[in-house]
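Asker: Quick one, fold the following:
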Amino acid sequence: MAALTKNYVEYWQRALTKPDERDDAEQGLRGAAGKLLGHPITNDKAFDSAEDEITTEAEKRGFHVLLGRTAPLRELMLWRKTTIEHRQVNLPETQQSVTVNFLDDFVLRGWGYYATCGRRSAGGWATEHGLFAVVPAYKSLQDETFSVRFLAHESQHFADKRAFKNLESWELEYRAKLAELALADASQASTAELICENRSASKDSPHGYANSRVVGDVTKLSGLQPHDLCEEKTLIGPPLRDAAKQVLLADTQKRLLRAQETNIPSDIRKLDIQKLGFTGYPPLAYDHIFLSCPSEGACTRTDKFRIDPMPPGCCILTVSNGDGRGTAEVRSYEIVLNGKRVVASSKTRYANVPVRLRASNTIRVVLSGGPQSKLSVLIAYDPRPSK
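Answerer: So this is what the prediction gives:
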């Protein structure tokens, strides 16, 4: 393992100090790893396959290992101790049950730690099997920094990987960083600072690109500019938390509408944001997620909202039951808008009805279902020409 560790460190040094030679550096790593395994590794795909062999050899020697790629470089972490716990984590939209693996007694903490001379490192990651926390990356496992930047961040990844398939790396990071900002209180200033100081316009840096999108979207929703959050620091406290949560909810809503598109009524699919001249957010008049009550019986949720000015071509009310994949669905629901029942008792996954709004509106939702079930209600502009 000492030889493998040396090979990775040499690869990182060359790739980081001479970016133009990154491909050659990776080829050199493949050659060195192939010699240790006793067979050639000819390309990137073969290296992916060889990682299973490296893992087996590491485990024989009493090590746990993380391989793969933390863009843009090949990754290697080695540690000796893992402790497993089960946690309930509160997220902006739900509560998530997770298995947390606490990793300690490290020999090597990855290329991020190496590149920053120990000032920065991965705090952990999430897979379909649970969360993995790098214990020495945190001063405390009990404070808000850990609960927000690791538990909430990685639990958001865990939930998103189950709810939405094939998310790009930057999309996962985007949603997790929004969750951090939506939850951070005492750690808000340092959390925002970390996001602001690592921004990139390129998707080749998933974390940096996600941070850039987070800053842009949260400040745009607040009617501000990125420098108001990152330099002037005028977007702080509850307004920042609320903005981050709203952006996250809007992103969830868009993804729910895309999920299983073949099952969505055709008139929902006609909502063409680009034809309306919008970029980023859909043309929304209202967007809210209603959670069922703790009891199994029916309960009523009420919300009020204002529309000023009234958008043209308004509006279509769209209902998404559950997470869009057939889970977390309420058993039944009905919706009353401004005293008029617009959706009669139903249990369908999607509903879509034209509605009329006022300047001041009240929406009442009667729903029944388990404690994790939810109903998403979106009211969007109708792009079809008025007759």
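Asker: so what secondary structure elements neighbour the biggest helix by length in the chain?
Answerer: Across the chain, the longest stretch assigned as helix under DSSP state H is helix 237-258. Counting contacts by 3 or more CB pairs under 8 Å, 6 or more residues apart in numbering; DSSP states H and E, helix 237-258 is packed against helix 169-183, helix 188-197, helix 206-221, strand 284-291, strand 314-321, strand 374-381. In short, each C-beta sits where N, CA and C put it, glycine included.
Asker: go with 6 Å
Answerer: Contacts defined by 3 or more CB pairs under 6 Å, 6 or more residues apart in numbering; DSSP states H and E place helix 237-258 against helix 169-183, helix 206-221, strand 374-381.
Asker: Check what pLDDT residue 167 gets.
Answerer: Per-residue pLDDT puts residue 167 at 91.
Asker: repeat for residue 227
Answerer: Reading off the model, residue 227 has pLDDT 96.
Asker: residues contacting residue 334?
Answerer: Neighbouring residues of residue 334 by CB atoms under 6 Å, 6 or more residues apart in numbering: 343, 344, 345, 366.
Asker: for the first one, which residues make a bridge with it?
Answerer: Looking back up the chat, that one is residue 343. residue 335 (DSSP bridges).
Asker: What count of nearby residues applies to it?
Answerer: 20 (other CB atoms under 10 Å).
Asker: Enumerate every residue touching it.
Answerer: By CB under 6 Å, 6+ apart, residue 343 lies in contact with 334, 335, 351.
Asker: do that again at 7 Å, thanks
Answerer: By CB atoms under 7 Å, 6 or more residues apart in numbering, the contact set of residue 343 is 319, 334, 335, 351, 353.
Asker: can you tell me which two in these are farthest apart?
Answerer: The largest separation in the contacts of residue 343, counting by CB to CB, is between 334 and 353 at 11.8 Å.
Asker: how much space between the nearest residue to residue 144 once chain neighbours are set aside and residue 230?
Answerer: Leaving aside its chain neighbours, residue 144 sits nearest to residue 187 (4.7 Å; criterion: CB to CB, 6 or more residues apart in numbering). Per CB to CB, to the nearest Å, residue 187 is found 17 Å from residue 230.
Asker: Same question for residue 118.
Answerer: According to CB to CB, residue 118 stands 25 Å off from residue 230.
Asker: Quick check on the two: which one has the bigger neighbour count.
Answerer: Per other CB under 10 Å, whichever of residue 118 and residue 230 has more neighbours is residue 230, with 18 against 10.
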